[in-house]
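Asker: Sequence first, predicted coordinates after that:
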Amino acid sequence: MITKSIRHVHVLPEAFLLSAQICQYIGNASLASQALEQALTLDFDMKDQPQYNLLHGIVLGMMNKYQNALEALQLALKLTKEKSRVTTKGRPLQPLSLQDHVSLYLQLAQTYLRLRDTEEARATLVEATAMFKETTQAGRVAIANAMIAARTDMDKAVEILKQVPPRSEFFTAAKTRMANLYLTYRQNRHMYANCFEELVEEVPTAQSYFQLGEAYTNIQEPEKAIAAYERAKAMDPENAELAVRIGRALVSTHDYQRAVRYYRDAVASDGVNFTVLADLATLYWRLGAPDHAISLLTEAPAHQSEPDVGETVERAIERVNCTLLMCKIYRDSQKPDAATEALLRARGFQEHVLHHMMRSETQETIYQQKIVAATIALELGGYYASIGDAQRAKEFYQEARMYDESNEEVLLAIARLLLDGGDATACEEQCNAVLRISPNSEEAVVILADVMIRQHRFDDAAQHFSQILDKTPDNYKALVQYVRLLRHAGRLGDAEKVLERAEEHVPLGQRHPSGLSFARGLYHRYCYENLEALRAFNAARLPVDDSPWSIPALTNMIEMYLFSSNEELWVDTVLRDEDKNENVRIAERLLLQMPDGESRDILQGYCWMASKKRSLVERAIKEFKQICATSETMQQHQGLFNDERDAKEEEKDEDERLLNDANRPPQASGRLNVPVRVGLAIAYFIAGLEKKAAAELKRIVYMPFDPITIDAVHRARLLAAHMSILREDLKMAQGILQKNIEVNKSCPKTWLMMGSVHEIGMSHDEAAECYENAWKLTKERDPSVGYKLAFHRMKSGKIVSAIDVCRKVLEVHPSYPKIHEVMDACCSLLRP
């Protein structure tokens, strides 16, 4: 209204002053400053008026320009004291109202405090106390005095506040400040509540009882809060906010039946109040009755009415909130189609709010509604990304970005989409853009590192995680990923220092967090320190229900029991009829703790293979084939289905197309199930079906790098290399092993097999180099590796070096037989 008046009456500087006052009141310093400039432009005499200088000082203070604010306020005070003074044009000064005069002193005192001049602030308030002690504003000055006194003397502050009489209009404010002092400085809950109890005795209004209820709620006394709210409700039955407060207080007492009855009565008496209705729907939902909640929301006036440009902004926003609440309930009830359909409707309703209902609203309100629209679009993008519809996901992410350009979550979602789509360059640019906006964004660093991992830039990726851990050593997700990266880069030795630094952040005597134990377990497993790894993983999986590391730790433990000798299952292919060994029994007992699902079925298949019992190996083959049939058979007809769908939907508008997509169940991606195929290949090989095993491996060993399937592909390559060595196809074996080394330089098995390839080819120097890598990775503890290294160093003429290795082996395994033969041979070669 003021803005419209200003547009029509450009010659009234007083209108701009009023506009500035309103903008200052609602907290918009920028607009207030512009209005003051306009007022001064129209009438330069304004700079001599106390009202102008008061407003100018307040606005400058809001903009944190405290020294300038002080100068403006001091000038205003000086002008108020010079009553006979006139402006430059000879006009008399307009005196300040009593309220503005007090505001001038209080603002001046506050500005002194912000400039750390406590003495001047006190002196200003002393002057104000003397000047206004007989006025209606005396209580306001007393409250300001009390707040300054509370900095050094809380008791004095309370005494000052007690002097504000009940007849003062500031009595309620004084009691509220006194209560907060008791709670903040003394943590005295009794005296805190007592202040409000005294308030209702002196001023028994609905507002006073409401404040008493709020106080009881703050100190967690819901029964007393309910009684206070009910008294307030009796005095002000039209106040819908009181109904909301009573209902929520009842819920906090866990008296759900009483809460439901109250909400029902409130809805029956005032069915148009959406907040009460939404609270009841939420309560139904939390009590396990989502159908009741949906039914209630469907009957809401906001939901039943259609968007209309003539409706109120509140009704339009309620319609959006109602639909979003329905979406949450559907999603929690495992109804993704209905949830997405509701989300799409909410998107349409929010577009109506933005395009038709915001014309007379403030910029702040418009901004808030754009944030809502961005959140809806972001959720829709996440849904379509989850079902593999990258194009739709991209459209919604771009829409979210349009509404909120600086939303970090949106930018990161786009980066993840680009990464999944294989556009590493664009993804890296997007992450760098996020880091320019938010240099401490860990998620951007994680995605950027993922890009580098897929490009085999393991050292660069590890550096990013190292920077995160330097700032937050207890970031266990980053720590686990860092250990994995160091394994890929062949720098496992760097992990020990980071793990120790993380352990130093754990309080003395406290159990290590599960994430730290899991990271420690991974490190020991990669170093082939099985006993230490099992202990760490066992600690990481507890408590089973609460720890996100429980299932990964359990999976690692099962795998370690199945491969306890550090050899893969195919090394020993002799099938037996006797019972399983003890390690397999332990693995199967641990398997019982795994939740049902594909991962559990795969591990069960490995248990059957590890038994080396013919019937169980055949059962593993059958199980793996069944899993493949379930997860991969939809691939062929999925493409045809998509083509037909796209052709039919070209004629539909966007909203109808999106709704149809939301109602269609997500389809399997049809991609090769790598872990299962690798298990099937191993089972075929153990069963003596080498050709079938080779056929499975052929589809896997040359797959591009994928962090999710890398371990399974790594195992497939080891088996393929093993089969190539058996066929004496050394060139093929070397090529396959080299692929493994490119993505994992910390695998002793790979280096041992590469050494075997060079050994068969009589290349002793190259064999010794490979065995040396394996020897270092096993921390110079595996005697069989030490023996091979010593032997080939001897064969390559490095006698002294071979003797050093022999001595290290004998220090740990003095009875290891073969090493003595190498030692004796080396010593004889050294004799003249």
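Answerer: Received, thanks. Residues are numbered from 1 along each chain as shown.
Asker: dump the residue contacts of D236.
Answerer: Residues in contact with D236 (Cβ atoms under 8 Å, 6 or more residues apart in numbering) are 206, 242. C-betas here are computed from N, CA, C, even on glycine.
Asker: same thing but 10 Å
Answerer: With contact set as Cβ atoms under 10 Å, 6 or more residues apart in numbering, D236 has these partners: 205-207, 209-210, 242.
Asker: Check these against A123 and report the nearest one.
Answerer: Checking these against A123 with Cβ to Cβ, the nearest one is Q207 at 35.1 Å.
Asker: Please report the distance of the closest one from R186.
Answerer: Q207 is 26 Å from R186, where distance means Cβ to Cβ, to the nearest Å.
Asker: Save the contacts of D236 as CSV, and put in distance to Q34 and secondary structure too.
Answerer: Listed next are those as CSV, based on distance: Cβ to Cβ, whole Å; DSSP: H, G, I helix; E, B strand; the rest coil:
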residue, distance to Q34, secondary structure
T205, 39, coil
A206, 39, helix
Q207, 36, helix
Y209, 42, helix
F210, 38, helix
L242, 40, helix
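Asker: between those residues, which is nearest R501?
Answerer: F210 (52.1 Å).
Asker: wait, doesn't that closest one sit right on E241?
Answerer: Yes - counting by Cβ atoms under 10 Å, E241 is a contact partner of F210 at 8.1 Å.
Asker: could you pull out the helices for the stretch 501-650 of the chain?
Answerer: For the stretch 501-650 of the chain, applying DSSP state H, counting those that start in this stretch gives helices covering 514-526, 530-540, 550-562, 582-591, 598-610, 614-632, 635-649.
Asker: out of those, deepest packed?
Answerer: helix 514-526 (a mean of 24; mean count of other Cβ atoms under 10 Å).
Asker: between that one and helix 550-562, how big is the angle?
Answerer: Calculated by axes from the mean of the first three to the mean of the last three Cα atoms, to 10 degrees, helix 514-526 forms an angle of 20 degrees with helix 550-562.
Asker: I'd like to know which elements helix 514-526 is packed against.
Answerer: Helix 514-526 sits against helix 476-489, helix 495-504, helix 530-540, helix 550-562, with contacts defined as 3 or more Cβ pairs under 10 Å, 6 or more residues apart in numbering; DSSP states H and E.
Asker: Now with 6 Å, please.
Answerer: helix 476-489, helix 495-504, helix 530-540 (3 or more Cβ pairs under 6 Å, 6 or more residues apart in numbering; DSSP states H and E).
Asker: Would you reformat those helices as CSV and include mean pLDDT?
Answerer: Shown next, in CSV, are those (pLDDT from 0 to 100):
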stretch, mean pLDDT
helix 476-489, 92
helix 495-504, 92
helix 530-540, 94
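Asker: any low-confidence regions in the stretch 151-300 of the chain?
Answerer: 270-272 (pLDDT under 70).
Asker: hmm, 80 instead?
Answerer: Along the stretch 151-300 of the chain, segments meeting pLDDT under 80 span 240, 269-273.
Asker: Quick check: T472 vs E82, distance?
Answerer: Distance from T472 to E82, by Cβ to Cβ: 60 Å.
Asker: Of these two, give the one with the bigger neighbour count.
Answerer: Neighbour totals were compared for T472 and E82, and T472 leads with 14 against 10 (other Cβ atoms under 10 Å).
Asker: got the contact list for the nearest residue to that one once chain neighbours are set aside?
Answerer: Nearest residue to T472 in three dimensions, chain neighbours excluded: A478, at 7.5 Å (Cβ to Cβ, 6 or more residues apart in numbering). Contacts for A478 (Cβ atoms under 6 Å, 6 or more residues apart in numbering) come out as 465, 468-469.
Asker: now with 10 Å?
Answerer: Each residue near A478 by Cβ under 10 Å, 6+ apart is listed here: 442, 445-446, 449, 464-469, 471-472, 498, 502, 515, 519.
Asker: What of R416?
Answerer: Counting by Cβ under 10 Å, 6+ apart, R416 touches 382, 385, 393, 397, 427, 430-431, 443, 446-447, 450.
Asker: give me that answer again for 8 Å
Answerer: Taking Cβ under 8 Å, 6+ apart, one finds 385, 427, 447 in contact with R416.
Asker: can you give me the mean pLDDT across whichever strand or helix holds it?
Answerer: Following DSSP states H and E, one finds R416 within helix 408-420. For helix 408-420, mean pLDDT is 92.
Asker: Tell me the buried residues in it?
Answerer: For helix 408-420, the neighbour count (16 or more other Cβ atoms under 10 Å) marks 410-419 as buried.
Asker: Please name the nearest non-neighbouring residue to A790.
Answerer: Distances taken as Cβ to Cβ, 6+ apart put V805 closest to A790, at 4.2 Å, once the chain neighbours are dropped.
Asker: and the one you found, which of the three is it?
Answerer: Under DSSP: H, G, I helix; E, B strand; the rest coil, V805 falls in the helix class.
Asker: nearest residue to Q99 other than its sequence neighbours?
Answerer: Nearest one to Q99, counting by Cβ to Cβ, 6+ apart, is Q137 at 6.6 Å.
Asker: Now do the contacts for that neighbour.
Answerer: Listed by Cβ under 8 Å, 6+ apart, the contact partners of Q137 are 98-99, 102.
Asker: who wins for most neighbours among the contacts of R416?
Answerer: Within these, most neighbours by other Cβ under 10 Å means C427, with 23 neighbours.
Asker: Please report the distance of V251 from Y262.
Answerer: Distance, V251 to Y262, using Cβ to Cβ: 10 Å.
Asker: Kindly apply the preceding question to I725 instead.
Answerer: According to Cβ to Cβ, I725 and Y262 sit 77 Å apart.
Asker: one step back: neighbour count and distance to E405 added to the contacts of D236, as CSV?
Answerer: Listed next are the contacts of D236 as CSV, based on neighbours: other Cβ atoms under 10 Å; distance: Cβ to Cβ, whole Å:
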residue, neighbour count, distance to E405
T205, 14, 47
A206, 17, 45
Q207, 15, 42
Y209, 25, 46
F210, 23, 41
L242, 24, 40
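Asker: re earlier: from the contacts of Q137, which single one is nearest Q334?
Answerer: Among the contacts of Q137, and counting by Cβ to Cβ, the member closest to Q334 is Q99, at 58.8 Å.
Asker: How about the helix or strand containing that closest one, which residues are buried there?
Answerer: Using DSSP H and E, Q99 maps to helix 98-114. Within helix 98-114, the residues scored as buried using 16+ other Cβ under 10 Å are 100-113.
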